[in-house]
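Peer 1: how does the following fold in three dimensions:
(chains A, B and C)
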Amino acid sequence: MRLLPPIPDRLKPAPKRPGTAAPQKPLELVQEAGISAVDWIDERTSLSGGLRWLLFRKVPKGTNWFYTLGSATLFAFLSQAVTGVFLAMYYRPDVAGGAYESVRYITNYAFLGEFVRGMHKWGSSVMVILVFLHMARTFFFGAYKYPRELNWVIGVTLLILTMVMSFTGYLLPFDQRAYWATIVGVNINGTGPLIGPYLSDFLRAGPEFGATTLSRFYAIHMLLVPGLIAALVGAHLYLVAKLGTTAPPWLKAEHKEPELEAKAKA
Amino acid sequence: MPDERKPKKSPYTADRNMPGAFEGETVTRRRFMTATVHGAGAVAASAFALPALAFALGPVFTRQKFDWQLVGNVTDFPTDTYIPRVVAIVAGIGEAGKSTVYMRRRNPAFDKDKPDQYNRIIAISTRCMHLGCPVRYVEAAERFICPCHGGVYDFTGQRTGGPPVRPLDRFYTEIRNGNEVWVGPRYSVNSELHRFSPRDPGEDTDGIGQYLYPARFSTPKK
Amino acid sequence: MNQAEKEQYLREYNILKSQGKPFFPYAVAKDSIMAVFVLVVIIVLSIILGAELGPKADPTTTTYVPRPEWYFFFLFEVLRVVKPPALTPFATIGVPTIAMILLFLLPFYDRSPERRPERRPIATTAGILTIAAMAYLTFLGASAGSPNQVDLKAPKDLHGTALAQFNAGKLVVGQSGCLACHKIGENGNDGPGPELTHVARDVPQNAIAQTLRNPTAPMPSFKRLATQQPQKFKALVFFLGQLK
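Peer 2: Next up is the predicted model:
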């Protein structure tokens, strides 16, 4: 286990000294139970190695607040996922009036409805801003360069998927703004030469905005794209942990410390 | 890089002293099993992926039906201005399937296209041919004006300004039983008012555009 | 980046990393504070601005003025400013596709080992210009008004009936669709018609009325308005006569 980062001292269990009594106090018993439960899981999954690798790896010197933008984006995505699941409990993707009525019910009558819908609506704006800030940080710090090229490509895919999420989610309240923005968006797809017209037909499920357009957008918005995003975020994070977060570009390694250099080489 | 020190293995199972080998046989048990994994995996994956994909793609290849609709009498429609009529372009979804059509009687002073049974009443769609925003007929200016990206069309629906790529779409109309005006499906036109099967907005019908944006399988026929 | 530069980078990075601190809890602490901040922002936005629900979708409307969500304003503005129809597919599909391909392939055409923003003048300038252009387009898109409405302050020396006449004319300009082809101040489209912001500087009021009755094509004639609703026509001419 030489490759794994060391466990901090305070997490290392102290060996039992001879003559120490078995735990008696309730707190000690609870602690003991917790440790044995974790041990039971670890014995069967060996998760602790992975967790050590993920949590106790070192981040370079000089890591600053700019480096929190990625995790903030992930957090905004999680917030969207949770509020989205609960909105789905009330929403009906019914084009003949049900969709608008269900959103009206959420907004005006459901307990905390407007608040949760507001969180989902504004959360999407916040997530888009954070994605762009995260990308700008990566760009200006040159963090997309060797060896992190693949992570940049995954990140751009995630940016596009985020835009797809905001586009497909936009239709769902089925108010005027939603409807016409979707018409324009689908027609933008249609201007692609040769395959554009068929792509529009696929998105709308027919030659005009029809009975199943809304449910198609709903399925893309809440099943297809979130699944893709979750999978790609997993890959993105794996690469971040494996390659390490970049150091701020203006930091130079001090070559005068030979023992550190030797340690790094080892 | 192949390791040159290793002697090359013969492709024949018999040469490699495999038990039960046939003369001329080249497929080893290992190769057979590998092929089975790939083959069975591909069959299993396509068994759910292909029907699902076809299911999702179905509407692209299903031709929609269109019901002609009675919208009024010939005398309801003026010759020098438009009046709006609401037509259901997708049946069965209520308000969401309707669209407004601007209609007037044919007027030889403006309409230079070839007269036939379908254009004795002119019915102009309210979808902007840039990206599909709702255009409005402004009587004072005798123009159709799009509120989105600045498209402007003249009295006959020809583009006079802004980014739209073709004249406003029209609907087939027929006069039945003497004076009933019926509206049929939408069709697209090019700048010379030649008819095309209905295209989406943003798709050019002149020059190379008519080949870049082919007809679709799903649009209703008249 | 050649092999030596790659090795050099990895060596330096490993040194910097070994001088760093463990991800947990040092980096995670910053991340959690940021997460709390993000959630507070979302909740505050939700409480203050709520979740507005507009009127129900109506495909038969001819008066609605569609506008996208703010983060698509820059795209909306691109579609608005690219006027020639031949360039329309370029604005809708071409520009976004090219931008996305450039973004995707960034690490493959920018292969220099340099990472400091101030030593990568081209990349840094391009990045800043992109952000500035998007911000400017977003601003323009956000301030794009409806073509059926003129947003213009009356001159200060107008009072009483003249002011009423001015406002009536402003309304007629909006209703008549003048802004579809003409620009008046911050309103309307720049072309195909000439800008009218200062039309009265060069053209006297009766000449404006004359032009409205007998314009040169493709401008439509307002003769019918003049005969059928002379009040409206007078207001229209008066309003245009004040644009100095």
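Peer 1: going forward, measure contacts and count neighbours with C-alpha atoms only.
Peer 2: Noted.
Peer 1: which parts of chain A are helices?
Peer 2: A:26-45, A:47-55, A:69-88, A:98-108, A:113-140, A:149-171, A:176-190, A:196-204, A:213-219, A:225-243, A:258-265 (DSSP state H).
Peer 1: may I see the buried residues of the fifth one?
Peer 2: Just to be clear, that refers to helix A:113-140. A:113-128, A:130-135, A:137-140 (16 or more other Cα atoms under 10 Å in any protein chain shown).
Peer 1: what does stretch C:206-221 give?
Peer 2: In stretch C:206-221, residues buried by neighbour count (16+ other Cα under 10 Å) are C:I208, C:A209, C:T211, C:L212, C:R213, C:M219, C:P220, C:S221.
Peer 1: kindly report the same for stretch B:136-152.
Peer 2: B:136-152.
Peer 1: ok, residue 40 - how many residues close by?
Peer 2: No chain specified, so I'll use chain A. 12 (other Cα atoms under 10 Å in any protein chain shown).
Peer 1: um, chain C though
Peer 2: If you count neighbours by other Cα under 10 Å, C:V40 ends up with 12.
Peer 1: contact partners for it?
Peer 2: Under the criterion of Cα atoms under 8 Å, 6 or more residues apart in numbering or on different chains, C:V40 has no neighbours.
Peer 1: one more time with 10 Å
Peer 2: For C:V40, the contact set (Cα atoms under 10 Å, 6 or more residues apart in numbering or on different chains) comprises C:M34, C:S46.
Peer 1: are we agreed that it is in a helix?
Peer 2: Yes: under DSSP: H, G, I helix; E, B strand; the rest coil, C:V40 sits within a helix.
Peer 1: do you know how far it is from C:E52?
Peer 2: Distance, C:V40 to C:E52, using Cα to Cα, to the nearest Å: 20 Å.
Peer 1: before we move on, the earlier item: in TSV: the buried residues of stretch C:206-221, plus secondary structure and distance to chain A.
Peer 2: Shown next, in TSV, are those (DSSP: H, G, I helix; E, B strand; the rest coil; distance: Cα to the nearest Cα, whole Å):
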residue	secondary structure	distance to chain A
C:I208	helix	37
C:A209	helix	38
C:T211	helix	36
C:L212	helix	34
C:R213	helix	36
C:M219	coil	28
C:P220	coil	28
C:S221	coil	32
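Peer 1: of those residues, list those near chain B.
Peer 2: C:M219, C:P220, C:S221 (Cα under 10 Å from any Cα of the partner chain).
Peer 1: about what we covered before: just the buried residues of stretch B:136-152: which are in strands?
Peer 2: Of those, the ones assigned to strands by DSSP state E are B:R136, B:Y137, B:V138, B:R143, B:F144, B:I145, B:V152.
Peer 1: which one of the residues you listed is nearest chain C?
Peer 2: Of all those, B:R136 has the smallest distance to chain C: 5.0 Å, by Cα to the nearest Cα.
Peer 1: can you tell me how far that closest one is from chain A?
Peer 2: Separation of B:R136 from chain A (Cα to the nearest Cα, to the nearest Å): 15 Å.
Peer 1: element containing B:G184, please.
Peer 2: Under the criterion of DSSP states H and E, B:G184 resides in strand B:180-189.
Peer 1: please enumerate the strands of chain B.
Peer 2: B:69-73, B:83-88, B:98-105, B:121-125, B:136-138, B:143-145, B:152-153, B:159-161, B:170-176, B:180-189, B:195-196.
Peer 1: could you give the separation of the fifth one from the chain centroid?
Peer 2: Going by Cα atoms, centre = their mean, to the nearest Å, the spacing between the C-alpha centre of strand B:136-138 and its chain's C-alpha centre is 26 Å.
Peer 1: ok, that strand: who's next to it in the sheet?
Peer 2: Strand B:136-138 pairs in its sheet with strand B:143-145 (antiparallel), by DSSP bridges.
Peer 1: next up, the contacts around C:N214.
Peer 2: C:N214 makes contact with C:I208, C:P220, C:S221, C:F222, C:K223, according to Cα under 10 Å, 6+ apart.
Peer 1: and it, how far from C:S146?
Peer 2: Separation of C:N214 from C:S146 (Cα to Cα): 27 Å.
Peer 1: just B:I208 next, same as before
Peer 2: Relative to C:S146, B:I208 is positioned 33 Å away (Cα to Cα).
Peer 1: which of those two has more residues huddled nearby?
Peer 2: Shown here are B:I208 and C:S146; by other Cα under 10 Å, C:S146 has more neighbours (21 against 9).
Peer 1: for residue 141, report the pLDDT, please.
Peer 2: In the absence of a named chain, this looks at chain A. At A:F141, the pLDDT value in this model is 93.
Peer 1: ah, I was thinking of chain C
Peer 2: 89.
Peer 1: okay, the helix or strand hosting it in CSV with CA atoms only?
Peer 2: Counting by DSSP H and E, the element that carries C:G141 is helix C:121-142. The C-alpha trace of helix C:121-142 is given here as CSV (Å, rounded to 0.1, in the frame of the first residue of the first chain):
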residue,chain,number,x,y,z
PRO,C,121,-0.9,36.4,-24.9
ILE,C,122,-2.9,34.9,-27.7
ALA,C,123,-4.9,32.5,-25.6
THR,C,124,-5.6,35.1,-22.8
THR,C,125,-6.6,37.8,-25.3
ALA,C,126,-8.9,35.4,-27.2
GLY,C,127,-10.5,34.3,-23.9
ILE,C,128,-11.0,37.8,-22.7
LEU,C,129,-12.4,38.9,-26.1
THR,C,130,-14.8,35.9,-26.1
ILE,C,131,-16.1,36.8,-22.7
ALA,C,132,-16.4,40.5,-23.5
ALA,C,133,-18.2,39.7,-26.8
MET,C,134,-20.6,37.4,-25.0
ALA,C,135,-21.3,39.9,-22.3
TYR,C,136,-21.9,42.6,-24.9
LEU,C,137,-24.2,40.4,-27.0
THR,C,138,-26.1,39.4,-23.8
PHE,C,139,-26.5,43.1,-23.0
LEU,C,140,-27.8,43.9,-26.5
GLY,C,141,-30.1,40.9,-26.4
ALA,C,142,-31.5,41.9,-23.0
